[in-house]
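# model the structure of this input:
(one chain, ligands or ions: 1)
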Amino acid sequence: MTEPIRFTKMHGAGNDYIYVNAMAFPVRNPEELAIRLSAPHTGIGSDGLVLIGSSKIADFSMRIFNADGSEAMMCGNASRCIGKYVYDKRLTDKKTVTLETLSGIKELQLTTRQLSGSREEVTEVTVDMGCPVVGETALQIEAGGNSYTGTVVSMGNPHLVIFVEDITNINLPVIGPLLECHPLFPNRTNVEFVQVLSTDKVRMRVWERGSGITQACGTGACATAVAGAVRGKTGRKTKVVMDGGPLTIRWDDSSGHVYMTGGAVKVFEGELEV
Ligand SMILES: N[C@@H](CCC[C@H](N)C(=O)O)C(=O)O
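All right, here's what the predicted structure looks like:
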């Protein structure tokens, strides 16, 4: 017996996921569904699947599955999209929303614009991403016959940030998977290549663990900004420009928290049999 579930395709800076309100449509096998729906030709096509649930300790909860079905601890772009989803669909009327994730509770600040009548929609969300955990700042790593210097940063999920002179010289489809699965990272890692444009602006391309090249990564943008500050390449506020657009990242001096600001966009909705 198949059951219909409603889904919404959304993106944040081009990082696209399929969102399901699991409070209304419980999903029994999200790992398998993420693989099936993310497939570009035989599914909907996406970077993965996001389940929005209830929570005993926050307003809502998030579970995020990569396109290969693996579950991640955190997703920056999805947390902004969930802010838009729950407000625009009137699941809440709060403009400060708390979200339970596998990497703790995140606070979302929603910016809205007026539509016709009394209706509003979310245009932008700032997420308190909490404190980063900085590992080795200048890790020497060999892959594909080349030597790289990377900075290891956890934003709840793992990132390897590599600064390069010219990002156009990076063959991401080849080097991305080699670094993702490098023996130094038994749990695999997300990989960011970064070119510094100025002390407050960088260009970044990402190879995501479990999804490959994506247009943007929110936790990756945060890790990039933190690595830039730690390595003395950028200040505490950085615009991180990715293939799908920019995110503004601020690493607060006094609290040590990282704040990520960017848009969230609904693409389309539908119903499918699972
Ligand atoms: N795109 C995300 C991160 C998704 C999870 C990541 N691929 C992992 O496995 O850690 C973001 O916007 O943060």
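
# residues contacting Val240?
By C-beta atoms under 8 Å, 6 or more residues apart in numbering, the contact set of Val240 is Val202, Met204, Ala221, Thr224, Ala225, Pro246, Leu247, Thr248, Ile249. For every residue, glycine as well, the C-beta is placed using N, CA and C.

# can you give me the neighbour number for Ala34?
Ala34 has 31 neighbouring residues, counting by other C-beta atoms under 10 Å.

# next one: it from the ligand, what distance?
Applying C-beta to the nearest ligand atom, to the nearest Å, the value for Ala34 to the ligand is 11 Å.

# which SSE is immediately downstream of the helix or strand hosting that residue?
Using DSSP states H and E, Ala34 sits within helix 30-38. As assigned by DSSP H and E, the chain's next helix or strand after helix 30-38 is strand 48-53.

# please see if that following strand touches the ligand.
No. Strand 48-53 lies apart from the ligand when judged by C-beta under 6 Å from any ligand atom; the minimum separation is 6.9 Å.

# and Gly76, backbone torsions?
Taking degrees, to the nearest 10, you get phi -70, psi -50 for the backbone angles of Gly76.

# check contacts around Pro4.
Per C-beta under 8 Å, 6+ apart, neighbours of Pro4: Glu271, Leu272, Glu273, Val274.

# what about the first one, is that helix, strand or coil?
This points to Glu271. Three-state call for Glu271 (DSSP: H, G, I helix; E, B strand; the rest coil): strand.

# count residues in the vicinity of Asp93, would you?
If you count neighbours by other C-beta under 10 Å, Asp93 ends up with 8.

# I'd like the contacts of Pro4 laid out as CSV, including neighbour count and pLDDT.
Output for the contacts of Pro4, formatted as CSV (neighbours: other C-beta atoms under 10 Å; pLDDT from 0 to 100):
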residue, neighbour count, pLDDT
Glu271, 9, 96
Leu272, 17, 93
Glu273, 8, 87
Val274, 16, 83
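
# what is the nearest of the residues you listed to Lys237?
Checking those against Lys237 with C-beta to C-beta, the nearest one is Leu272 at 41.2 Å.

# so what pairs up with that closest one in the strands?
Bridge pairing for Leu272 (DSSP bridges) gives the partners Ile5.

# name the residues of the stretch 51-200 of the chain found near the ligand, please.
Remark: the part of the stretch 51-200 of the chain in contact with the ligand comprises Ile64, Asn66, Ala72, Cys75, Gly76, Asn77, Asn157, Asn190, using C-beta under 6 Å from any ligand atom.

# mind listing the helices for this structure?
Using DSSP state H, the helices of the chain run over 30-38, 76-88, 172-180, 218-230.

# I appreciate the help and will end here.
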